[in-house]
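Chemist: Need coordinates for the below:
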Amino acid sequence: MYSVRERQPAPAAGSTAAGHRAGRRRRSAHRRGRPRNRGRSLLIGLLVAAGPLGSAAYLLGGRRSDASSGTPHPRSTHVTPTPTSSPSSSPSPPASRTEIDVPPTGNGTFVTAQASGETVGSGSRPVRYIVEVETGLDISPSQAANEIAEILAAPRGWTHDPNNAFQLVGAGSPHDITIKIATPATADALCWAGIQQDTGGEYNCEVPGGVVVNLKRWVKGSPNFDGPIHDYRALIINHEVGHFLGHSHLTCGGAGRLAPVMMQQIKGLHGCVANAWPYDENGDFVTGPPV
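Modeler: This next block holds a predicted model:
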């Protein structure tokens with residue numbers, strides 16, 4: 001969202017770095033009656049015996065069961081160690097993990113993905129990149145690296161420009177940029193150290209030598225973006241790598257049009273349609289007025 005070339009005004013004097021600010025974020029009544037005759041006693045006995053069966057049938061009819069009432073249950077913001085399955089008449093496969101814990105702060109150290117890939121794009125010199133994930137997060141560095149590699153290799157991505165090429169390299173290999181996924185407080189600290197930009201625990205940035213991705217955005221996306229989380233991650237990577245490639249911020253080009261990938265879409269779409277890719281389905285660059 002923020003880049004080396006486009007710094008926003010610094011916070012007022014006296015404010016602290018985002019890393020320091022993160023420390024603040026944290027009946028039954030039983031009536032005995034005298035039976036009047038034997039026949040009435042027998043009738044009462046039959047009704048009492050039938051009562052539990054009738055109740056069971058009512059509950060199994062689905063009108064009062066929590067599992068079938070349609071009443072939503074609160075969603076946990078933490079990873080559930082053992083996935084639970086919805087009630088069903090037939091077995092279902094285990095639920096996939098969809099919730100990732102987003103701690104507000106981390107320890108500031110990183111693990112580099114042990115992953116590599118082929119060069120994508122036709123540019124004469126590929127941008128070599130590594131992917132790092134802050135230590136202790138519930139994210140596999142290698143899986144994150146492979147997801148980013150898919151984004152950068154997509155047909156509507158930056159490789160549509162014949163001047164661009166990218167290559168994922170592993171730990172210890174020479175590289176041009178580092179893509180880091182970090183907790184909000186760590187991301188704030190890195191963005192402040194790199195470009196003196198206050199990202200407020202919410203945003204990503206491009207800094208000298210790489211890209212900083214806020215874990216909150218990687219996991220939760222944005223309320224302005226209606227689509228799968230993978231698509232929003234594509235927007236993050238394409239936007240910040242776009243800054244590295246020299247692209248500046250754009251804004252909406254007209255109501256109903258695709259939002260440029262270089263638009264700060266998390267701050268509002270201004271009539272445009274959310275979009276994660278630099279190019280449209282026809283191969284045309286999605287643009288708009290400069291900011």
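
Chemist: Counting residues, which strand of this structure comes out longest?
Modeler: Of all the segments assigned as strand in the chain under DSSP state E, the longest by residue count is strand 127-134.

Chemist: What residues of the helix or strand following that one count as buried?
Modeler: Using DSSP states H and E, the helix or strand that directly follows strand 127-134 along the chain is helix 141-153. Buried positions in helix 141-153, judged by neighbour count with 16 or more other C-beta atoms under 10 Å: P141, S142, A144, A145, N146, E147, I148, A149, E150, I151, L152, A153. Backbone N, C-alpha and C define where each C-beta goes, glycine included.

Chemist: And stretch 211-226, by the same measure?
Modeler: Under the neighbour-count criterion of 16+ other C-beta under 10 Å, stretch 211-226 has V211, V212, V213, N214, L215, K216, R217, W218, V219, G221, S222, F225 buried.

Chemist: Got the confidence number for the fourth one?
Modeler: Which is N214. pLDDT recorded at N214 is 98.

Chemist: Repeat that for D226.
Modeler: Per-residue confidence at D226 stands at 89 (pLDDT).

Chemist: Touching, it and N275? I think so.
Modeler: No. Judged on C-beta atoms under 8 Å, D226 makes no contact with N275 at a distance of 10.9 Å.

Chemist: The spatially closest residue to A259 that is not a sequence neighbour: neighbouring residues, count only.
Modeler: The spatial neighbour of A259 that comes closest, neighbours along the chain excluded (C-beta to C-beta, 6 or more residues apart in numbering), is C272 at 3.8 Å. Around C272 there are 21 other residues, counting by other C-beta atoms under 10 Å.

Chemist: Same question for S124.
Modeler: Residue neighbour count, defined by other C-beta under 10 Å, stands at 7 for S124.

Chemist: If we ignore the residues flanking it in sequence, what's nearest it?
Modeler: Nearest-residue entry for S124: A165, 7.5 Å, with adjacent residues in sequence omitted and distances by C-beta to C-beta, 6+ apart.

Chemist: ok, back up a step: so which of the buried residues of stretch 211-226 belong to strands?
Modeler: In strands, judged by DSSP E, the following of the buried residues of stretch 211-226 are found: V211, V212, V213, N214.

Chemist: Surely E134 is in contact with A182?
Modeler: Yes. Taking contact to mean C-beta under 8 Å, the distance of 4.6 Å between E134 and A182 places them in contact.

Chemist: export the ones in strands among the buried residues of stretch 211-226 to JSON lines and tack on distance to D176?
Modeler: What follows is those, written out as JSON lines (distance: C-beta to C-beta, whole Å):
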{"residue": "V211", "distance to D176": "11"}
{"residue": "V212", "distance to D176": "16"}
{"residue": "V213", "distance to D176": "17"}
{"residue": "N214", "distance to D176": "22"}
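
Chemist: ok, back up a step: for the residue nearest to S124, give me the backbone phi and psi.
Modeler: When quoted as degrees, to the nearest 10, the phi and psi of A165 stand at phi -150, psi 150.

Chemist: quick one: contacts for it?
Modeler: T119, V120, G121, S122, G123, S124, R125, P126, V127, T159 (C-beta atoms under 8 Å, 6 or more residues apart in numbering).
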